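**Student:** A predicted structure for the sequence below; I have some questions about it.
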Amino acid sequence: MTSVAMTIAGSDSGGGAGIQADLKTFQELGAFGTSAITAVTSQNTLGVHDVYALEVNNVVSQIKAVLDDFKVGAIKTGMLFSAEIIHGVAKTLKSYDLPMLVIDPVMIAKGGASLLLNEAVHSMKNELLPLATIITPNIPEAEVLTGLTIRSDSDVENAANRLITMGAKAVVLKGGHRDTKDYAEDLFLSAKGERFIMRSERIDTKDTHGTGCTFSAAIAARLAQGFTASDAVIDAKYFIQAAIANGLQLGTGHGPTNHWAYRKLSEKARKEVMIIE
Ligand SMILES: Nc1ncnc2c1ncn2[C@@H]1O[C@H](COP(=O)(O)OP(=O)(O)O)[C@@H](O)[C@H]1O
Ligand SMILES: Cc1ncc(COP(=O)(O)OP(=O)(O)O)c(N)n1
């Protein structure tokens, strides 16, 4: 039977991040994509030009319309923007037999635009994070959520442990923002004590718009299809590595990644790009 995944996120008119990146990723990985839009951004590769958040009732009714009808295997959240929307999403999800939930705690876009209001961080930490099957912060997001400064490898370990203590069942702490010149590495840690690092070559490119969205959507697609949490994040890392390495050179700023690249690679070629330790 076809697996169904859902994204609850913002729209990116430029198509590289948000709902658009999520649905493309679901499609590429063979999961049927459904969505609830939280906000409409006017965005391109140069940045976010405008943000229009939907009424919370409208966000909730989209989620209910999908969950009342489809058997959704996994949901991912992206840009949630306000405390009201986070509260509405958390309350609604709790009222269903909760599917697996991937939380990408989107806060700030590459150009610096705020995609989560400061006053909403509290709701993200207290209402949504404890529902996470997997939370996927980048380094600045993990710093905001944990209150820790993250520079060294041991800082990364401490922050991941803190996120588990705060209620997430598992965390992938993404290393795209670290100053590791040659490699990009992400730490996976679960409440059950499973731990590994996924290390891939750092691609020298400016075209990394929407990497976090695409990565978390790939995890959700694989969870919906029955992968374990660890197998889902490993496959998502293959997906994002292929997408970054085969950039499309679109737009004049930070361009989108290539969602088609993964399917063109053999399983052997995918796996050669990464070390797991
Ligand atoms: N230049 C790069 N080369 C290879 N992988 C990268 C690069 N930049 C980011 N990644 C990977 O892309 C994913 C998203 O990472 P990150 O940039 O930290 O998140 P976000 O997009 O949320 O800021 C992670 O798996 C990270 O390791
Ligand atoms: C609508 C929308 N949602 C999320 C983001 C952030 O995407 P991310 O994957 O973190 O990539 P960058 O913004 O860092 O390129 C967004 N920009 N828009």
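**Tutor:** Nice, thanks for sending it over. Ligands and ions are numbered 1, 2, ... in the order given.
**Student:** wait, residue 214 touches residue 239, no?
**Tutor:** Yes. If you go by C-beta atoms under 8 Å, residue 214 and residue 239 touch, sitting 7.1 Å apart. For the C-beta atoms, the positions are set from N, CA and C on the backbone; glycine is no exception.
**Student:** overlap in contacts, the two.
**Tutor:** residue 25 (C-beta atoms under 8 Å, 6 or more residues apart in numbering).
**Student:** model confidence at residue 265, what's the number?
**Tutor:** You'll see residue 265 listed with a pLDDT of 87.
**Student:** need the contact list for it.
**Tutor:** Contacts of residue 265 (C-beta under 8 Å, 6+ apart): residue 242.
**Student:** how near is it to residue 242?
**Tutor:** Distance, residue 265 to residue 242, by C-beta to C-beta, to the nearest Å: 6 Å.
**Student:** hey, where'd the helices end up in the stretch 51-200 of the chain?
**Tutor:** Ranges of helices within the stretch 51-200 of the chain are 56-67, 83-94, 121-123, 139-146, 153-165, based on DSSP state H, counting those that start in this stretch.
**Student:** ok, which of the ones you listed comes nearest ligand 1?
**Tutor:** helix 139-146 (6.5 Å; C-beta to the nearest ligand atom).
**Student:** mind listing what's buried in the closest one?
**Tutor:** By neighbour count on 16 or more other C-beta atoms under 10 Å, the buried set for helix 139-146 is 139, 141, 142, 143, 144, 145, 146.
**Student:** ligand 2 contacts on the stretch 151-277 of the chain?
**Tutor:** Contact residues (C-beta under 6 Å from any ligand atom) of the stretch 151-277 of the chain with ligand 2: 209, 210, 211, 212, 213, 254.
**Student:** and this structure, which of its residues are near ligand 1?
**Tutor:** Residues of the chain lying near ligand 1 (C-beta under 6 Å from any ligand atom): 138, 174-177, 184, 186, 200, 202-203, 208, 211-212, 215, 237, 240-241, 244.
**Student:** could you dump the residues of the stretch 151-277 of the chain next to ligand 2 into a markdown table and include distance to residue 70, secondary structure and pLDDT?
**Tutor:** Formatted as a markdown table, these follow (distance: C-beta to C-beta, whole Å; DSSP: H, G, I helix; E, B strand; the rest coil; pLDDT from 0 to 100):
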| residue | distance to residue 70 | secondary structure | pLDDT |
| --- | --- | --- | --- |
| 209 | 29 | strand | 97 |
| 210 | 25 | coil | 98 |
| 211 | 28 | helix | 98 |
| 212 | 25 | helix | 98 |
| 213 | 21 | helix | 98 |
| 254 | 34 | coil | 96 |
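**Student:** closest to residue 12 out of those?
**Tutor:** Nearest to residue 12 among these is residue 210, at 7.1 Å by C-beta to C-beta.
**Student:** counting neighbours, what do you get for that closest one?
**Tutor:** 31 (other C-beta atoms under 10 Å).
**Student:** how about it: what's its closest non-neighbour residue?
**Tutor:** residue 17 (3.3 Å; C-beta to C-beta, 6 or more residues apart in numbering).
**Student:** do the same with residue 260
**Tutor:** In space, and not counting its chain neighbours, residue 260 is closest to residue 28: 6.9 Å by C-beta to C-beta, 6+ apart.
**Student:** show me what contacts the one you found?
**Tutor:** Contacts of residue 28 (C-beta under 8 Å, 6+ apart): 239, 259, 260, 262, 263.
**Student:** what's the PyMOL line that selects buried ones from these?
**Tutor:** For the buried members of the contacts of residue 28, the matching PyMOL selection, counting by 16+ other C-beta under 10 Å, is:
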select buried, resi 239+259+262
